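Asks: turn this into a model:
(chains A and B)
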There are 2 protein chains.
Amino acid sequence: MREVYIHDIGSAVGGTTEYNDAATLGQSEADWQRLTDKIGIRSRSIAGPGQYTSDLARAATEALISRTSVHRDAIGTLVVCTQTPDHLIPGVASRLHGQLSLPQDCFVLDINQGCTGFVLGTQVMVNWLRASGGNGILVNADTYSKLIRRDDLTTRALFGDAAAATLYSTRPGGLRIVDSHSFADGTGYNAFIAHGSALRSDTGAPSGICMDGPGIFNFALRRVPESISAALDPHGLQLQQLRMVLFHQANSYMVGQLARKLKLTPEQVPQNCENLGNTVSASIPLLLMEQMPMLQPGDFVLAVGFGVGLSWGTVLLEYSEEGSLPPRGA
Amino acid sequence: MREVYIHDIGSAVGGTTEYNDAATLGQSEADWQRLTDKIGIRSRSIAGPGQYTSDLARAATEALISRTSVHRDAIGTLVVCTQTPDHLIPGVASRLHGQLSLPQDCFVLDINQGCTGFVLGTQVMVNWLRASGGNGILVNADTYSKLIRRDDLTTRALFGDAAAATLYSTRPGGLRIVDSHSFADGTGYNAFIAHGSALRSDTGAPSGICMDGPGIFNFALRRVPESISAALDPHGLQLQQLRMVLFHQANSYMVGQLARKLKLTPEQVPQNCENLGNTVSASIPLLLMEQMPMLQPGDFVLAVGFGVGLSWGTVLLEYSEEGSLPPRGA
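Replies: Down below sits the predicted model:
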């Protein structure tokens, strides 16, 4: 079985900064102070009126290509994960494929997933590259701001618009993908839903994202620790052996509660939502991009996604020196 | 490497029949006679006003489960391919997962693809099952009628709403998936596009599906024969050795021109669009479902998708008696 590695990550954020304060969003400054202290999100990058998911996806992918040595002709897989596409028909991956002049024998796929989208996208990518070899790019990109009602300040204060483009390869280097697991509970479909966002219009609910905050919180606090056990147990790893747990950056309160429940040290749980907000499926690769320079060979990193669907899952990674690891596995 | 097989297919169609005639669509009966003689589509099943993609997807999947012996708890993978979801957030697969009470350790994924969606969905499914084993369901479901302008009669006369649910398994039986290839050319993004269907709204074009019919026709007539060579050559197969070529049922004229160019016999090219229309990514599995009872052990079948994206590809299948084939491959 071929091993698959994450080599590098490129990023892009929305062109407008929106602050969680009274001057921007109304209400009292004291209220915003209390809220931002709790959620840990002080500002977010928002896509401008003429800026769409494919624009962020393209910027992140071009940033990735420019910082790596991979040639466009060597990209055999392009997967875009988004829930806020430019069009329903075609998908964003098709647009990006044309804009970047990628080869025609490229596996080009759009997947729809929220905050577990880095996990599921990694699973699709790893399965493809294990079968075919070569290089692939997973783009996680969303512009949730366009689906959030402007008067829904609780939700609006959480989400930022961004994209991350991650380069995977069967060539050794960077982070080896050790294992991945994903889970689903579609009975929680309505816990996070964007009414009126596509073709169903029979609910009478006002259009826009509708979030059952406490429901999502309780779900995550229950399911995420279970999934971390399921990720570590098969490899005989303990939580203390993880250099980092990269939680989906829902908000600082959510991440802090998970870290406390799991008795993780603050050093094990880096965060970056203060000026990005919750960037949906881009949040884990954006955080990983920041943390990669800090990693040492042999470090284990666990990425943990959870959210809309409901859906949750993990990716276990091991940092290797460039080209240093022999292939493992059967 | 594990082999993966297609065991069975379930289906569902929109609840309303729409005829391509003057009484239904206006214009003259003579015009409709000429058009329907050419495209070979006399009626189509259309989703009713309260019927959405997830409704068709659920009906097809329940039909599949009721005609096969697979238990819901044994479904480890659920992939839904659609371009007309109920909501952008969450995806249809999440809704279906909850409605069917599938297990939580199920890989649940929505993919966005048009008329090549059976090929790409099969590739995702095969890669997953080769890695994990077990059973998976791919649902191809769309309600394009909701995105077609009612006055765009040329496009409206082509498309029907339907769903197909296909059961894949690493347990031998049915059709063995021999190989699959997919291709993309995103520079043709605008050749088939649904303006105003999601978040981009900067084109000024009227909302709804906009199809460059001649562009798609010329693309298919050029790329599809190339892809068939790419499918057969590695296996030393000739076109005459194929029991059937299951073309995406764009319309009879398109399929007929491809058959003629490739010098296929009429017996090799079954069609079923007369009363279904072009059902997007469901069209190949709907046709395969009809044809499976006619197959003999050892028959090779080539499924060929092409369309929106632009995107095209093939799946090569070999019919095996239930449980008769030993696993092959490396």
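Asks: output the below-cut-off pLDDT ranges for chain A.
Replies: Counting by pLDDT under 70, chain A contains low-confidence ranges at A:321-330.
Asks: mind checking the SS state of the residue most central in space within it?
Replies: Centroid-nearest residue in chain A, with C-alpha atoms, centre = their mean: A:Ser281, separated by 2.6 Å. At A:Ser281, secondary structure determined by DSSP: H, G, I helix; E, B strand; the rest coil is helix.
Asks: repeat that for A:Ser180.
Replies: With three-state DSSP as the basis, A:Ser180 sits in strand.
Asks: which stretches of chain A form helices?
Replies: Per DSSP state H, chain A carries helices over the ranges A:22-25, A:29-39, A:53-67, A:92-99, A:117-132, A:153-156, A:213-232, A:252-261, A:283-291.
Asks: buried sites along the longest one?
Replies: Just to be clear, that refers to helix A:213-232. A:216, A:219-220, A:223-224, A:227-228, A:231-232 (16 or more other C-beta atoms under 10 Å in any protein chain shown). The C-beta positions use only the backbone N, C-alpha and C, and glycine is treated the same way.
Asks: which helices and strands sit right next to it?
Replies: Packing partners of helix A:213-232 (3 or more C-beta pairs under 8 Å, 6 or more residues apart in numbering or on different chains; DSSP states H and E): strand A:174-184, strand A:242-247, helix A:252-261, strand A:300-307, strand A:311-320.
Asks: could you dump those into a markdown table and include distance to A:Arg156?
Replies: Output for those, formatted as a markdown table (distance: least, C-beta to C-beta, whole Å):
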| stretch | distance to A:Arg156 |
| --- | --- |
| strand A:174-184 | 27 |
| strand A:242-247 | 22 |
| helix A:252-261 | 16 |
| strand A:300-307 | 17 |
| strand A:311-320 | 23 |
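Asks: mean neighbour count and distance to chain B added to the ones you listed, as TSV?
Replies: Shown next, in TSV, are those (neighbours: other C-beta atoms under 10 Å in any protein chain shown; distance: least, C-beta to the nearest C-beta, whole Å):
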stretch	mean neighbour count	distance to chain B
strand A:174-184	22	4
strand A:242-247	24	20
helix A:252-261	17	18
strand A:300-307	25	9
strand A:311-320	25	7
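Asks: can you count the residues close to A:Pro90?
Replies: Look at A:Pro90: counted by other C-beta atoms under 10 Å in any protein chain shown, it has 32 neighbours.
Asks: for B:Pro90, find the nearest of the helices of chain A.
Replies: For B:Pro90, the closest of the helices of chain A is helix A:117-132, at 11.3 Å, according to C-beta to C-beta.
Asks: got the buried residues for that closest one?
Replies: The neighbour-count check on helix A:117-132 (16+ other C-beta under 10 Å) flags A:117-131 as buried.
Asks: quick one: A:Asn29 and A:Asp21 touch, right?
Replies: Heads up, residue A:29 is Glu, not Asn. Yes. Counting by C-beta atoms under 8 Å, A:Glu29 does reach A:Asp21; the two are 6.6 Å apart.
Asks: these two: which has the busier surroundings?
Replies: Each of A:Glu29 and A:Asp21 had its neighbours counted (other C-beta under 10 Å), and the higher figure belongs to A:Asp21 (18 against 10).
Asks: got the contact list for that one?
Replies: A:29, A:32, A:36 (C-beta atoms under 8 Å, 6 or more residues apart in numbering or on different chains).
Asks: phi, psi of it?
Replies: Backbone geometry at A:Asp21, expressed as degrees, to the nearest 10, gives phi -150, psi 170.
Asks: and A:Leu295, by the same measure?
Replies: Phi and psi for A:Leu295, reported as degrees, to the nearest 10, are phi -80, psi 150.
Asks: skip the chain neighbours and tell me the closest residue to it.
Replies: Among residues not flanking A:Leu295 along the chain, A:Tyr319 sits closest, at 4.1 Å (C-beta to C-beta, 6 or more residues apart in numbering or on different chains).
Asks: okay, and the beta partners of the one you found?
Replies: A:Leu175 (DSSP bridges).
Asks: A:Arg2 versus that one, what's the distance?
Replies: Applying C-beta to C-beta, to the nearest Å, the value for A:Tyr319 to A:Arg2 is 19 Å.
Asks: verify the stated contact: the residue nearest to A:Leu295 with A:Asp299.
Replies: Yes. Contact criterion C-beta under 8 Å: A:Tyr319 and A:Asp299 qualify, at 4.4 Å.
Asks: what is in contact with those two at once?
Replies: With C-beta under 8 Å, 6+ apart as the test, A:Tyr319 and A:Asp299 both reach A:Arg243.
Asks: ok, A:Asn251 - contacts?
Replies: A:38-41, A:158, A:273, A:278.
Asks: which one among those gets closest to A:Leu100?
Replies: Closest to A:Leu100 out of the contacts of A:Asn251 is A:Asn278 (27.5 Å), distances taken as C-beta to C-beta.
Asks: okay, and the beta partners of the closest one?
Replies: Residues in beta-bridge contact with A:Asn278 (DSSP bridges): A:Phe159.
Asks: how near is it to chain B?
Replies: Per C-beta to the nearest C-beta, to the nearest Å, A:Asn278 is found 13 Å from chain B.
Asks: contacting residues around that residue?
Replies: Here A:Asn278 is in contact with A:41, A:115, A:158-160, A:248-251 (criterion: C-beta under 8 Å, 6+ apart).
Asks: distance of the residue nearest to the centre of chain A from A:Ser169?
Replies: From A:Ser281 to A:Ser169 the distance is 21 Å (C-beta to C-beta).
Asks: before we move on, what about A:Leu232?
Replies: Per C-beta to C-beta, A:Leu232 is found 25 Å from A:Ser169.
Asks: and A:Gly134, what does it touch?
Replies: With C-beta under 8 Å, 6+ apart, A:Gly134 has these contacts: A:74, A:76-77, A:169-170.
Asks: most surrounded residue in those?
Replies: A:Ser169 (23 neighbours).
Asks: ok, for that residue, nearest residue in space, not its chain neighbours?
Replies: Closest to A:Ser169 by C-beta to C-beta, 6+ apart is A:Asn135, at 4.6 Å.
Asks: touching, that neighbour and A:Leu167? I think so.
Replies: Yes. Applying C-beta under 8 Å as the test, A:Asn135 and A:Leu167 come out as touching, 6.6 Å apart.
Asks: give me the more crowded residue out of the two.
Replies: More neighbours surround A:Leu167 than the other of A:Asn135 and A:Leu167, with 22 against 18 (other C-beta under 10 Å).
Asks: what's the more buried one in contact with, if anything?
Replies: Applying C-beta under 8 Å, 6+ apart, we find A:Leu167 in contact with A:6-9, A:64, A:68, A:70, A:135-137.
Asks: what does A:Gln83 give?
Replies: Contact analysis of A:Gln83 by C-beta under 8 Å, 6+ apart lists A:112-114, A:117, A:142, A:144, A:194, A:280, A:308, B:88-91.
Asks: what about the residue of the stretch 201-330 of chain A found nearest chain B, distance to A:Ser281?
Replies: Residue nearest to chain B within the stretch 201-330 of chain A (C-beta to the nearest C-beta): A:Gly309, separated by 4.2 Å. From A:Gly309 across to A:Ser281, the span is 12 Å (C-beta to C-beta).
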